[in-house]
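Colleague: need a structure here:
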Amino acid sequence: MANISDLILQQVTKAAGNVQIPSNIQNTVLNGLSESVLGSLTQTAAKAGGIEQIKSLLTGATNPSASPVTALAGKLFTGNILSKLNLGSALSNSLSGLIPTVMGGLSNIIKDRDGDGDVDLNDILLSLQGGNGGGILGAATSILGGLFGKK
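Modeller: Model prediction:
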């Protein structure tokens with residue numbers, strides 16, 4: 001069963017398919033993109049109104065390019081990865097431009113998983129968990145355990 005980190009890395013790898021990333025830094029870039037997206041989701045979830053921002057993004061109510069969650073992921077990626085690699089503005093801009101695509105890809109995996117007729121927080125957690133059982137508590141436990149390295 002895929003966890004949130006796996007799902008994010010899948011979207012990052014898919015989005016980066018058309019960008020020429022030097023092979024010696026490819027893993028650093030892909031992992032940095034994944035960590036930035038996960039960091040943005042984690043930081044956003046921890047602040048007031050953050051769950052609603054994530055829900056709005058992942059259900060498609062907010063365009064990924066206009067989302068504060070996406071903006072934070074871009075800031076994290078630029079500060080933690082791009083600023084250290086000195087890739088030049090063209091490649092850096094191309095790589096930063098992948099973040100809205102990744103966020104949009106994540107929203108495409110969100111479905112009505114709990115069968116209640118709408119897409120809500122429970123569906124988001126179930127989708128990000130990668131399964132379709134366990135309810136909101138089981139999904140939240142799995143996601144939070146993955147974030148903090150516990151099972």
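
Colleague: Does anything pack onto the longest helix anywhere in the chain? Which helices or strands?
Modeller: The residue-count maximum for a helix in the chain (DSSP state H) belongs to helix 26-45. The contact analysis (3 or more C-beta pairs under 8 Å, 6 or more residues apart in numbering; DSSP states H and E) places helix 26-45 against helix 4-15, helix 50-58, helix 68-77, helix 98-107. C-beta: built from backbone N, CA, C; applies to glycine.

Colleague: and that helix, which residues are buried?
Modeller: 29-30, 32-42, 44 (16 or more other C-beta atoms under 10 Å).

Colleague: Now tabulate these in CSV and tack on pLDDT and distance to G60.
Modeller: Formatted as CSV, the buried residues of helix 26-45 follow (pLDDT from 0 to 100; distance: C-beta to C-beta, whole Å):
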residue, pLDDT, distance to G60
V29, 93, 27
L30, 93, 25
G32, 94, 26
L33, 94, 21
S34, 92, 21
E35, 93, 24
S36, 94, 21
V37, 92, 17
L38, 88, 20
G39, 90, 22
S40, 92, 17
L41, 87, 16
T42, 85, 21
T44, 88, 17
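
Colleague: which one of those residues sits closest to T70?
Modeller: Nearest to T70 among the buried residues of helix 26-45, counting by C-beta to C-beta, is S40 at 7.4 Å.

Colleague: And A73, how close does it get to G50?
Modeller: A73 sits 13 Å away from G50, going by C-beta to C-beta, to the nearest Å.

Colleague: let me fix that: V19
Modeller: For V19 relative to G50 (C-beta to C-beta), the value is 29 Å.

Colleague: more neighbours, these two?
Modeller: G50 (17 against 13; other C-beta atoms under 10 Å).

Colleague: Many thanks, we can stop here.
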